[in-house]
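Q: missing the sequence, but the structure's below:
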């Protein structure tokens, strides 16, 4: 997301040869996936043309479980799963440089590629739905009754492996050209983060606000 | 993004027949596009498989200009543009219901479909780059020198029309099943919004923080 520092065109990730680099990369990928909770899923629609939809997800080890209702019709019509790409993007700040050209965004993103399989086993699906709720609101799940078999059946879940994943990160201050350094314009970073506001109780709520709501924060965020 | 209230599977938008509905829908689409500044672009990669990448964008009337560097190689290799889908998603809050099943996200999203054309005319490209900067940081552009022809050439811009667009919105409190209303669990909404922190000046900065930074907010947000 930076004119000058943009990497090469996105292509499917190759498994890296250097184990150390791979471990670091894997840690970075997990951190991004664990902080985010909305992903964008891309796949070919019924007519073969690209479709991108937002949905929620959770991570369980090597598997990303995607709340698949919006793509459910699609998945059912495909044998062997849905060839897909999934992106999670966290916006960390606006990078204000001394030229328009060097303006950028500080961000962390992960892109996965793979075949999204529809989760049909009721036990895995029940667990996947718990993973998603617990991912979005850590500590929430124990406060709730278990899903009924009917509820589990009424929800679609897709599973995507972390096998083909890559992370991209931009951090730090603007990088300006030497000849722009004396321009009389403020340069720096305006941090941005998804922050909680004041909880709004449901009109029929009679319960105190629990700590998983008052102390809500994403993993990795203050 | 809600098990129970999820709409039908996403499909390409049909132009609506009712002009009033269309005008309302158009307003809603523009509001989402104008508040967001990061989109996810989906297209078929070199091998024909789906790719989703995050990038920045700006809107100029009926056209969304996308900072296209990550997809540039892709675009150049295709005659007649890139068949694409573009999604912008704004997260407004977590909807905490009395059952896991009815948990949801309050959000507003727009999905566009169309052929992304690479902007090659230098004048349109210069304007598009200004549109993108001004979209991300309103008021910033006048403080900066114009882009040089070299800078304009070094950046890729894609243009997508608003002709095929649709918006999806979820707002309001959780909707619970009658039999869960007495569950002893807090129910309500935890609002979330992308909020600015304290500006971090570049180490070489000698200028005061301008109002477009101190008073930064997205259109439509407090």
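A: Yes, it's here. All figures in this text were calculated on a predicted structure; none of them were measured in a lab.
Q: shouldn't residue A:60 be in contact with residue A:130?
A: No. With contact defined as CB atoms under 8 Å, residue A:60 does not reach residue A:130; the gap is 9.3 Å. Placement of C-beta: from N, CA and C, glycine included.
Q: how about the strands in chain A?
A: Taking DSSP state E, the strands of chain A run over residues A:38-44, A:50-60, A:63-67, A:82-96, A:104-118, A:157-161, A:164-170, A:188-196, A:200-201.
Q: what packs against the last one?
A: The helices and strands touching strand A:200-201, judged by 3 or more CB pairs under 8 Å, 6 or more residues apart in numbering or on different chains; DSSP states H and E, are strand B:188-196.
Q: distance between the lengthiest helix in chain A and the chain's centre?
A: Criterion DSSP state H: the longest helix present in chain A is helix A:19-35. Counting by CA atoms, centre = their mean, to the nearest Å, helix A:19-35 is centred 13 Å from the centre of its parent chain.
Q: check whether it contacts chain B.
A: No. Using CB under 8 Å from any CB of the partner chain, helix A:19-35 stays clear of chain B, coming no nearer than 11.3 Å.
Q: got the buried residues for that helix?
A: Within helix A:19-35, the residues that count as buried by 16 or more other CB atoms under 10 Å in any protein chain shown are A:25, A:28-35.
Q: so, low pLDDT: which residues of chain A?
A: Along chain A, the model assigns pLDDT under 70 to residues A:1-21, A:69-79, A:222.
Q: residue most distant from the centroid, it?
A: Most distant from the centre of chain A: residue A:182, at 38.9 Å, with distances by CA atoms, centre = their mean.
Q: how far away is that one from residue A:189?
A: 20 Å (CB to CB, to the nearest Å).
Q: cool, residue A:25 as well?
A: For residue A:25, the distance to residue A:189 - CB to CB - is 24 Å.
Q: neighbours of residue A:180, how many?
A: 17 (other CB atoms under 10 Å in any protein chain shown).
Q: can you tell me who the residue lying closest to residue A:127 once chain neighbours are set aside pairs with across the strands?
A: With sequence-adjacent residues excluded and distances taken as CB to CB, 6 or more residues apart in numbering or on different chains, residue A:127 is closest to residue A:60, at 7.4 Å. Per DSSP bridges, the residues bridged to residue A:60 are residue A:63.
Q: and the gap between residue A:60 and chain B?
A: Distance of residue A:60 to chain B, computed by CB to the nearest CB, to the nearest Å: 15 Å.
Q: residues near that residue, how many?
A: 16.
Q: one more: the one 3 residues further on?
A: Counted by other CB under 10 Å, the residues lying close to residue A:63 total 17.
Q: contact partners for it?
A: Applying CB atoms under 8 Å, 6 or more residues apart in numbering or on different chains to residue A:63 gives the contacts A:159-162.
Q: OK, contacts around the most centrally placed residue in chain A?
A: When CA atoms, centre = their mean is applied to chain A, the residue found nearest the centroid is residue A:88 (2.9 Å). Each residue near residue A:88 by CB under 8 Å, 6+ apart is listed here: A:32-33, A:36, A:38-40, A:57, A:109-110.
Q: nearest to chain B among these?
A: residue A:40 (3.7 Å; CB to the nearest CB).
Q: list the contacts for the closest one?
A: Counting by CB under 8 Å, 6+ apart, residue A:40 makes contact with A:52-55, A:86-89, B:40, B:42, B:52, B:54, B:87, B:89.
Q: okay, and the beta partners of it?
A: With DSSP bridges as the criterion, residue A:40 is bridged to residue A:54, residue A:87.
Q: how far away is it from residue B:204?
A: Residue A:40 sits 36 Å away from residue B:204, going by CB to CB.
Q: ok, residue A:33 next?
A: 35 Å.
Q: also residue A:95?
A: Distance, residue A:95 to residue B:204, by CB to CB: 14 Å.
Q: also residue A:93?
A: 18 Å.
Q: the more surrounded of these two?
A: residue A:93 (22 against 13).
Q: what sits against the more buried one?
A: Shown in contact with residue A:93 (CB under 8 Å, 6+ apart): A:105-106, A:189-192, B:197, B:200.
Q: buried ones among these?
A: Buried residues within the contacts of residue A:93, defined by neighbour count using 16+ other CB under 10 Å: A:105-106, A:189-192.
Q: just give the closest residue to residue A:164, not the sequence neighbours.
A: residue A:113 (4.3 Å).
Q: run through the bridge partners of that neighbour.
A: As assigned using DSSP bridges, the partners bridged with residue A:113 are residue A:85, residue A:164.
Q: can you give me the distance of it to residue A:163?
A: 9 Å.
Q: between these two, who's got more neighbours?
A: Between residue A:113 and residue A:163, residue A:113 has the larger neighbour count (other CB under 10 Å), namely 23 against 11.
Q: test my guess that that one contacts residue A:85.
A: Yes. Look at residue A:113 against residue A:85 with CB under 8 Å: they come within range, at 5.2 Å.
Q: any shared contact partners between the two?
A: Jointly contacting residue A:113 and residue A:85 under the rule CB under 8 Å, 6+ apart are B:49-51.
Q: out of these, who's the most crowded?
A: Result: residue B:51 is most packed of the shared contacts of residue A:113 and residue A:85 (other CB under 10 Å), 25 neighbours.
Q: wait, what's in contact with that residue?
A: A:10, A:12, A:42, A:85, A:111, A:113, B:42-45.
Q: just the buried members of these?
A: In those, the ones that pass as buried (16+ other CB under 10 Å) are A:10, A:42, A:85, A:111, A:113, B:42-45.
Q: now, among these, which is nearest to residue A:212?
A: Among these, residue A:111 lies closest to residue A:212 (CB to CB), at 29.9 Å.
Q: look up the closest residue to that closest one, ignoring the ones flanking it.
A: Nearest to residue A:111 is residue A:87, by CB to CB, 6+ apart, at 4.8 Å.
Q: how many residues are close by the one you found?
A: 24.
Q: I'd say it and residue B:52 touch.
A: Yes. Judged on CB under 8 Å, residue A:87 makes contact with residue B:52 at a distance of 4.3 Å.
Q: what residues are shared contacts of the two?
A: Going by CB under 8 Å, 6+ apart, residues that sit against residue A:87 and also against residue B:52 are A:40, A:42, A:111, B:40.
Q: let me have those in CSV, adding distance to residue A:119 as columns.
A: As requested, these are exported to CSV (distance: CB to CB, whole Å):
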residue, distance to residue A:119
A:40, 20
A:42, 19
A:111, 22
B:40, 23
